[in-house]
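Visitor: need a structure here:
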Amino acid sequence: MPRVAPSGSLSDVLIGRRAELALLRTVIAAPPSLALIEGEAGIGKSRLVAELFAAPGLAGTRRLVGQCEQLQEPLPLSPLLDAFRLAGAELAGRKASNPVIGALAPLLPEIAEHLPPPLSPLPDQRAERHRVFRAAVALLDHLSPLVLVLEDVHWADGGTHDFLAFLAAHQPRELSVILTVRTEAGLLPIREAFARAPSGPARTVGLTPLSLSEVEELARSILKADLPRTFAAPLYEKTGGIPFVVEEVLRTLLERLPANEIPGRPDALAGLAVPTVLRDVVLQRLSSLDDPAQEIVGAAAVIGMTPDDRVLAEVTDRTPPEVAKALAKAQAVGLLHEEDGRSRFRHALARQIVYESVAAPGRRWLHLRTARALESGDGPRPVARLAHHFRHAGRTADFVGNAEAAADTALAHGNDATAARFLLQALEVGELSGEVRVRLAVKLGRVAVDGLAHAQGVPILERLLATEPLPTHLRGELRLALGRMLRQHGEARAGYLQIERAIDDLGDQPELLGRALSVLAAPETVVDRHISEHAARCDQAEAASRRSGDRDTAIAVRIARASLLLEQGDPVAWRLIDDLLRDDHLRATPREHARACLNWAQGALHVGRLERAEALLTEGRQVAGQAEYLRVAEVVELVAAAVDHAAGRWDGLERRVRRLGGEAVTFAAASLDSRLLRGALLAATGPAEEATACLTEVIAVAERVGAVRPLIPARTAMSRLLLTLDDAAGAAGHATEALALVRAKGNWVWGAESVLCLVDALDALGTPEAADGPVEELEAGIDGSDAPLAQAALLTARAVRARAEAPDRADGLLDRARALLSEAGLRYEEALACERLGRWRCERVRVEGRAPATSSSRAPSRASSRADGGTDGRTDGGGLLEDALRAYGAMGADRDIARISRVMRQNGVPIPYPWRGGRPSHGQTLSSREREVARLAATGKTNQEIADELFLSRRTVESHVASALRKLGLPSRKDLPE
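Guide: Now for the predicted structure:
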């Protein structure tokens, strides 16, 4: 529930604690009552109290709050006296009459004028203290009904503890008392008194660490961003679920990274500097231990989160009883806790602080002692732990041997990421022999692609290939690995060339040769390679596969063949894909299975087969999840976003694709596609300047790396965007550039939308006949293809060319295109076709002098289509425009909404508000923010100037301006009244 967060808190939402809050409410609702809120430091005791009084109905509750301070010599009764000082205003209006309260006047000079006169001192010090206690109780009674809150009572002086025991025995009838105490403080003197209070025993409210899901929720409320489990899990491990620690960790991350990038950077947690406040708390606890216990706890931090008692005893040369005693002391002060019968550091940051408190020479010595102790243990050799300790002990030879063994073990268990990490660490050692370096590099090449280590692995393999004299077969294998890494790192052309160079070196290794050729068969990989060359590579791959006799290679080649045909819209592709999806061998290799499904899902989107894309995405995501295949996690998200874009499910989509294309991503190739998708979204939703910048960047990067597939659709999207900005010449230029790439590739399925953009641009420039050649090339290029997107684009292009001379035929062609897109489920493309057809029909009606149709009078557009492509009802244009408007509204396509609204006004078609299925609306009445923005726009201010003045984003201002123009029925901002 939202609250006003306590000072310093990052979150304005209380996570969890519902039961505890309900218990506290019960306590103060039935005075006289006592409550103890218990928990370790940072667990949220004070936050719980703040939330209690912020709740509706309790905000006006009279309360006094006192804070105990951590002082060497706490002042007697200081938290209670601090609380009384807050009651000055109350006492001024309702002066206390009980004369015994005057005993407090010398202790409270700030409010003494509102108290009875001071009393003469008593000769007996004990009697004087008793009288002060009575005075304090009387003053509490006078101020009741009241809740007295004393924070951090574990730091209170003995006099305060004595008073609280006295208060428990003499509690006023309308007084509730809440104390917050730390569990690691041990037994406090007042516990027994509170347990035996005449009004009933104190209610204990114990606070425990947050769960993983609650830590995830807390972080989400702070970052205002979705939190993947890949970040939430290490955050939970790092912080132990302690809210204060979670906030301090995120506060530290926010000092160096934007909030929306943090969830994609779990690596940032690993190298995180410990928050200063937390360091002070942990070091204070550590210093409270005696020297032997500090030494043992320091060694425990070197050993690990859950140190083994045997290893700890051997490392420290202590007896098991001494170790047990030291761990018990550390547990008592909150450095450790018990988990599954063993001592464990409270959280990873606590261990890090203790570890860093040990001097560097001492740490190296302890790491070496730990490694030797682990070597002497029973059972399998713990090579991963040995590698860690030998590395930090500075024993490089021992480290490299154990790191390689750990990589082999990880690889045997299918954990490529861990294997790659150990190999990369080993390759960082400078004094490796050439033989060892090559052996490790070959292993790295085999695992780095799936282990997401391509960024680190690329320079290592490049250096080896440039400097080491390698046998032919190893050179070929390393080139293949380097090429694959470069491709995944987003360097399409460089990766393709490396794999081409590997072909000659792999002649004696048909299994690797088949896989290399399969990669080269992928047409979407690189520019300047014709589709016929990819087909030839696929044939060569099949020959190599037969020669190898390897089933895995055969599957890889069959997948490549299906992908090659799918990208060309060849109907045979679906038969091959369906056969492969039923193949038991593919199903037995989940990584290959997942990759194939995701690649095919993308291919299905390229040709416009949305229903197949969704099914393949579902299967690929499920298989990848079951196999814990982390390498494709970002690809899964990307394909899911692309599917939602094609299906018109745009709510929250721009935020998702922005994160996928951010700096935190580990799969650079997917990042470029994500930025393309974001640019396409912005082209429809605005602002146009941001869409232009995004698409320009994608084009520049794709040209640099030679990636054909993002480049063609990026230029096409830019062409479409420029058409909406009335820049027909610019649109024609980008469409022409895209078609040059299409011709070089020889795959016209990819060029259909570029042809349509060129047709529209040339039509706007008054030279429509110049598009006839590209239209004919497209028609020949996609003849017989199963590619609804391309077929619809061709129909639309032909309709545009036929409109001037054969309007009936043009209408029929466009209606067929619209129906084809509707059947394919491509909602945005369908809306564009619907808008175009509605505009044409309205314009034709206007030319012929008839009244435009409205939504209530129109004939159903789909029912009016004739078998020959013509239509019986040319007067349903208004209804089609309304359909398109509603579709744009549901998707939030603000730029399209503004455009179609102008078209509807120009053709006398009523604009309905609000749109069913669209965004919430104030109807035809401007909201207060829209009025404010419209007023400033009317004075001639630009969107950026308005954004700066109102502290809004430029995109938000553009949306408000467009909305105001729609509601006011105005064609442009120049018509806005001041």
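
Visitor: Which parts of this protein are strands?
Guide: 33-39, 63-67, 146-151, 175-182, 203-206, 336-339, 342-345 (DSSP state E).

Visitor: for the record, mean pLDDT for the longest helix seen in the chain?
Guide: Longest helix of the chain, by residue count under DSSP state H: helix 827-848. The average pLDDT within helix 827-848 is 92.

Visitor: Next, the buried residues of stretch 48-61.
Guide: For stretch 48-61, a neighbour-count test (16 or more other CB atoms under 10 Å) marks 48-54, 58 as buried. Quick note: C-beta positions are derived from backbone N, CA and C, even for glycine.

Visitor: can you give me phi and psi for the residue of the chain most remote from its centre?
Guide: Most distant residue from the mean C-alpha position of the chain: P123, 69.9 Å away (CA atoms, centre = their mean). Note on P123: backbone dihedrals following degrees, to the nearest 10 are phi -70, psi -30.

Visitor: any idea how far R131 is from it?
Guide: In this view, P123 and R131 are 12 Å apart by CB to CB, to the nearest Å.

Visitor: Distance-wise, check W574 relative to E533.
Guide: Distance from W574 to E533, by CB to CB: 24 Å.

Visitor: Also E338?
Guide: Between E338 and E533 the distance is 65 Å, computed by CB to CB.

Visitor: of these two, who's got more company?
Guide: Higher neighbour count among E338 and E533: E533, with 15 against 11, using other CB atoms under 10 Å.

Visitor: if we can go back for a sec, how far away from the center of its chain is the longest helix of the chain?
Guide: Here helix 827-848 is found 40 Å from its chain centre; the criterion is CA atoms, centre = their mean, to the nearest Å.

Visitor: elements contacting it?
Guide: If you count contacts as 3 or more CB pairs under 8 Å, 6 or more residues apart in numbering; DSSP states H and E, helix 827-848 packs onto helix 633-647, helix 788-802, helix 807-824, helix 877-891, helix 894-906.

Visitor: And these: which comes nearest A197?
Guide: Closest approach to A197 among those (CB to CB): helix 633-647, 56.1 Å.

Visitor: just checking, what packs against that closest one?
Guide: Counting by 3+ CB pairs under 8 Å, 6+ apart, the packing neighbours recorded for helix 633-647 are helix 590-607, helix 610-627, helix 653-660, helix 668-685, helix 827-848.

Visitor: Can I get these in TSV including distance to I111?
Guide: As requested, the helices and strands packed on helix 633-647 are arranged in TSV below (distance: least, CB to CB, whole Å):
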stretch	distance to I111
helix 590-607	72
helix 610-627	65
helix 653-660	54
helix 668-685	61
helix 827-848	70
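
Visitor: Lowest average pLDDT across the ones you listed?
Guide: If you rank the helices and strands packed on helix 633-647 by mean pLDDT, helix 653-660 sits at the bottom with a mean of 84.

Visitor: The residue farthest from the centre of the chain and L107, how far apart?
Guide: Distance, P123 to L107, by CB to CB: 19 Å.

Visitor: Ok, A397 next?
Guide: A397 is 71 Å from L107, where distance means CB to CB.

Visitor: just G401 next, same as before
Guide: Taken as CB to CB, the span from G401 to L107 is 71 Å.

Visitor: circling back to that earlier point, want to try a markdown table for the helices and strands packed on helix 827-848, with mean pLDDT and distance to A405 as columns?
Guide: Formatted as a markdown table, those follow (pLDDT from 0 to 100; distance: least, CB to CB, whole Å):
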| stretch | mean pLDDT | distance to A405 |
| --- | --- | --- |
| helix 633-647 | 92 | 28 |
| helix 788-802 | 96 | 52 |
| helix 807-824 | 95 | 53 |
| helix 877-891 | 92 | 54 |
| helix 894-906 | 89 | 59 |
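
Visitor: Including mean neighbour count, could the ones you listed go into TSV?
Guide: Shown next, in TSV, are the helices and strands packed on helix 827-848 (neighbours: other CB atoms under 10 Å):
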stretch	mean neighbour count
helix 633-647	22
helix 788-802	24
helix 807-824	21
helix 877-891	25
helix 894-906	21
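
Visitor: so where's the stretch 101-250 of the chain shaky on pLDDT?
Guide: Along the stretch 101-250 of the chain, the model assigns pLDDT under 70 to residues 184-187.

Visitor: Helices along that one, start to end?
Guide: For the stretch 101-250 of the chain, helices defined by DSSP state H, counting those that start in this stretch occupy the ranges 125-143, 158-169, 190-195, 212-223, 229-239, 243-254.

Visitor: Of all the ones you listed, which one comes closest to R715?
Guide: Closest among those, using CB to CB: helix 229-239, at 34.2 Å.

Visitor: mind listing what's buried in that closest one?
Guide: Neighbour counts over helix 229-239 (16+ other CB under 10 Å) mark 231-232, 234-239 as buried.

Visitor: contacts for that helix?
Guide: Contacts with helix 229-239, where a contact means CB atoms under 8 Å, 6 or more residues apart in numbering, come from 212, 215-216, 219, 245-246, 249, 262-266, 269-270, 272, 347-349, 630, 633.

Visitor: Can you tell me what sits against stretch 55-74?
Guide: 21, 25, 28, 49, 52-53, 78-84, 86-87, 90, 143, 145-157, 160.

Visitor: What subset of those is buried?
Guide: 21, 28, 49, 52-53, 78-84, 87, 90, 143, 146-157, 160.

Visitor: Please name the residues that touch L881.
Guide: 834-835, 838-839, 842, 900, 903-904, 907, 909.

Visitor: one step back: I'd like the helices and strands packed on helix 633-647 written out as TSV, with mean neighbour count added.
Guide: As requested, those are exported to TSV (neighbours: other CB under 10 Å):
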stretch	mean neighbour count
helix 590-607	24
helix 610-627	19
helix 653-660	20
helix 668-685	24
helix 827-848	22
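
Visitor: and P258, which of those is closest to it?
Guide: Evaluated over the helices and strands packed on helix 633-647, closeness to P258 peaks at helix 653-660, with 10.6 Å, by CB to CB.

Visitor: sorry, back to before: put the buried members of the contacts of helix 229-239 into a ChimeraX selection.
Guide: Selection of buried members from the contacts of helix 229-239 for ChimeraX, criterion 16+ other CB under 10 Å:
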select :215,216,219,245,246,249,262,263,264,265,266,269,272,347,348,349,630,633
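
Visitor: Show me the two of the contacts of L881 that sit farthest apart.
Guide: Across the contacts of L881, no pair lies farther apart than C834 and N907, at 14.4 Å, counting by CB to CB.

Visitor: who touches V458 in this structure?
Guide: 482, 485-486, 489.

Visitor: Need those residues in JSON lines (columns: neighbour count and pLDDT).
Guide: Formatted as JSON lines, the contacts of V458 follow (neighbours: other CB atoms under 10 Å; pLDDT from 0 to 100):
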{"residue": "L482", "neighbour count": "28", "pLDDT": "90"}
{"residue": "M485", "neighbour count": "25", "pLDDT": "86"}
{"residue": "L486", "neighbour count": "26", "pLDDT": "89"}
{"residue": "H489", "neighbour count": "20", "pLDDT": "82"}
